[in-house]
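Enquirer: For reference, the sequence and a predicted model appear below.
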Amino acid sequence: MTWQTYLKQNEARFLSELFDFIRIPSISALPSHADDVVRSANWVAQRLTTAGVEHAEVLPTGGHPVVYGDWLHAPNMPTVLIYGHFDVQPVDPIELWDSPPFEPRVENGCIYARGASDDKGGMLTPILAVEALLQSEARLPLNVKFIFEGQEEIGSPQLPAFMAANRDRFACDLVVSADGLQWTADEPSLVVGLKGLAALQIDVQTANSDLHSGLHGGAVPNPIHALVRILDSLRSPEGKIMVDGFYDDVVALSEVEREQLTAVPFDETAYKASLGLDDLFGEPGYTTRERNWTRPTLEINGIWGGFQGEGTKTVIPNQAHAKITCRLVANQDPANIIRQISDHVARHTPPGAKVTITPRSGSSTPYLMPTDHPGNVAAAAVLEELYGQAPYVTRLGGSIPVCSLFLKELAAYTVGFGFSIDDENLHAPNEFIRIRNFERGQRGYCMLLKELAETLTQGSH
């Protein structure tokens, strides 16, 4: 029996198992569901064992657990680590769901439920693929390890320390992430870059209390005016970031990379219309897609100070505040960016104002993988065969910290090989996954493991 036949004969069973998996409400953000996250971890460990994976176990992290498993019987062959997560987002607002979020509903070839697409449907596909290969061929073409976590939806707070303490266990030549997207339901995508993040808060203080604007107006500094001047100095009117050194470490796009980005479909008129905008804005000299995917940003996320109630209060406030985040690109360092912004703010602080810069949690390192890395070459070949067209080479303006974490701790790049689509209401009511792509993912992983056995032995970066 071939692996293709095995997958076909077991379609109904695999769907039933996915339904059982989804029914566990493993919401990592809610303490009331901590036991459900553990229950989900135990389900995953048992499912790995059923598939023929060895040493499957639930590992403590100090927070929500991690599941490990391996099959290491391919001597002198590379080792691939497959990643995914079994925790899910909260379901609120529950009244917007058309059916109970943890009771899978099938309609028009789709499964509606929380976690169906992100990431239970995604992370189950490589387990099923490994089972199909072991049942049909009694072996895998290379060595495979698994890491599935239960805290991705809350930012994986314990994962960095856990990975640093378990480098040997998870050592590999390449990571493959089952948590990822394709371009559309029928068009493939190969994501090679993700932005990092630097977050900070600016606090400005002047007098030791709020002051009467009649008694003190015209004689004392106003912290909101000071803050506005500081914030305005951070970017030019055209959109260039004016912080000294901010762009120094940015890797310039090659002509080939610009051509790859240009090849990705983008309707700028429709984009503006969908956002209700008459015009777009950003760093001069770059297209909208280049700004969004490949150039760093600096955004004011919030600003507050002084009287906020209805009517008028004739006061000069003594404090003003702003929150800022920067999306970073290779090879920018979040800590260095925060230092540069701090130096800039110090130089542009008006007389009479005292400024404090506080780094905020959530910083992450940007991630960029060479497009011609053997892992990408293998994934691109498989995607082209699966979809009948070559994948678009894309990047994301968002951050997936686990990719840079694996690169740091394991010295291994991560290939995104997930089959979700961004229209599947991820994190929203009525989340769903297309059954055809759940099944396409199973075939894809069988093909990918075979392809990686060839490309990773031919050369590596």
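Expert: Structure received.
Enquirer: per-domain residue ranges of the protein.
Expert: The chain breaks down into these domains under automatic domain parsing: 3-194+366-458, 196-250+296-359.
Enquirer: how close does residue 395 get to residue 419?
Expert: The gap separating residue 395 from residue 419 is 19 Å, by C-beta to C-beta, to the nearest Å. From N, CA and C alone the C-beta is placed, and that goes for glycine too.
Enquirer: who has more neighbours, those two?
Expert: Applying other C-beta atoms under 10 Å to residue 395 and residue 419 shows that residue 419 carries more neighbours, namely 27 against 24.
Enquirer: what residues are up against the more buried one?
Expert: Residue 419 is in contact with 121-122, 125, 180, 182, 437-438, 440-441, 444, counting by C-beta atoms under 8 Å, 6 or more residues apart in numbering.
Enquirer: mind checking pLDDT for it?
Expert: pLDDT, residue 419: 97.
Enquirer: separation between it and residue 140?
Expert: In this view, residue 419 and residue 140 are 20 Å apart by C-beta to C-beta.
Enquirer: now do residue 251
Expert: Relative to residue 140, and taking C-beta to C-beta, residue 251 is found at 36 Å.
Enquirer: same deal with residue 58?
Expert: As for residue 58, its distance to residue 140 is 23 Å (criterion: C-beta to C-beta).
Enquirer: who's more crowded, the two?
Expert: Neighbours were tallied for residue 58 and for residue 140 using other C-beta under 10 Å; the higher tally belongs to residue 140 (23 against 17).
Enquirer: residue contacts, the more buried one?
Expert: When contacts are counted by C-beta under 8 Å, 6+ apart, residue 140 touches 71, 73-74, 130, 133-134, 449.
Enquirer: Among the domains of the chain, show me which one is buried the most.
Expert: Among the domains of the chain, judged by mean count of other C-beta atoms under 10 Å, the one packed with the most neighbours on average is domain 3-194+366-458 (a mean of 20).
Enquirer: end-to-end on it?
Expert: End-to-end span of domain 3-194+366-458 (C-alpha to C-alpha, to the nearest Å): 25 Å.
Enquirer: Could you dump the contacts of residue 140 into JSON lines with distance to residue 330 added?
Expert: Shown next, in JSON lines, are these (distance: C-beta to C-beta, whole Å):
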{"residue": "71", "distance to residue 330": "33"}
{"residue": "73", "distance to residue 330": "37"}
{"residue": "74", "distance to residue 330": "32"}
{"residue": "130", "distance to residue 330": "32"}
{"residue": "133", "distance to residue 330": "35"}
{"residue": "134", "distance to residue 330": "38"}
{"residue": "449", "distance to residue 330": "28"}
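Enquirer: before we move on, the earlier item: for residue 283, which of the domains of the chain is the nearest?
Expert: Nearest to residue 283, of all the domains of the chain, is domain 196-250+296-359, at 5.0 Å by C-beta to C-beta.
Enquirer: So what would you say the end-to-end distance of that closest one is?
Expert: Where domain 196-250+296-359 begins and where it ends lie 15 Å apart, using C-alpha to C-alpha.
Enquirer: centre of the chain versus that domain, how much separation?
Expert: Domain 196-250+296-359 sits 28 Å away from the centroid of its parent chain (C-alpha atoms, centre = their mean, to the nearest Å).
Enquirer: could you give the mean pLDDT of that domain?
Expert: Here the average pLDDT along domain 196-250+296-359 is 96.
Enquirer: And stretch 59-67, by the same measure?
Expert: Averaging pLDDT residue by residue across stretch 59-67 gives 98.
Enquirer: just use 3 as the starting number from now, easier for me
Expert: In the new numbering, first residue 3, that becomes stretch 61-69.
Enquirer: Pull the residues that contact that stretch.
Expert: 30, 36, 39-40, 43, 46-47, 50, 58-60, 70, 88-89, 148-153, 156, 159-161, 163-164, 168.
Enquirer: Which of the residues you listed fall in strands?
Expert: Among the contacts of stretch 61-69, the members found in strands (DSSP state E) are 58-60, 70, 148-151.
Enquirer: now these in TSV, with distance to residue 262?
Expert: Listed next are the ones in strands among the contacts of stretch 61-69 as TSV, based on distance: C-beta to C-beta, whole Å:
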residue	distance to residue 262
58	39
59	41
60	41
70	36
148	31
149	30
150	31
151	31
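Enquirer: wait, which of these is closest to residue 102?
Expert: Looking across the ones in strands among the contacts of stretch 61-69 and measuring by C-beta to C-beta, the closest to residue 102 is residue 150, at 24.7 Å.
Enquirer: distance of the closest one from residue 404?
Expert: The value you get for residue 150 to residue 404, if C-beta to C-beta is used, is 12 Å.
Enquirer: could you pull out the strands for the stretch 3-152 of the chain?
Expert: 56-61, 68-73, 81-87, 107-109, 112-114, 145-151 (DSSP state E, counting those that start in this stretch).
Enquirer: Let me know the average pLDDT across the last one.
Expert: Mean pLDDT, strand 145-151: 98.
Enquirer: Pull the residues that contact that strand.
Expert: 43, 46, 50, 55, 58, 66-76, 79-89, 125, 128-129, 132, 158, 161, 172, 174, 451.
Enquirer: residue ranges of the helices in the stretch 253-402 of the chain, please?
Expert: In the stretch 253-402 of the chain, the helices defined using DSSP state H, counting those that start in this stretch lie at 257-264, 270-277, 290-296, 336-349, 376-389.
Enquirer: I'd like the ones you listed written out as TSV, with distance to residue 416 added.
Expert: Below are those laid out as TSV (distance: least, C-beta to C-beta, whole Å):
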stretch	distance to residue 416
helix 257-264	19
helix 270-277	28
helix 290-296	17
helix 336-349	19
helix 376-389	8
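Enquirer: Let me see the contact set for the nearest residue to residue 101 once chain neighbours are set aside.
Expert: Among residues not flanking residue 101 along the chain, residue 107 sits closest, at 4.3 Å (C-beta to C-beta, 6 or more residues apart in numbering). Applying C-beta under 8 Å, 6+ apart to residue 107 gives the contacts 100-101, 113-115.
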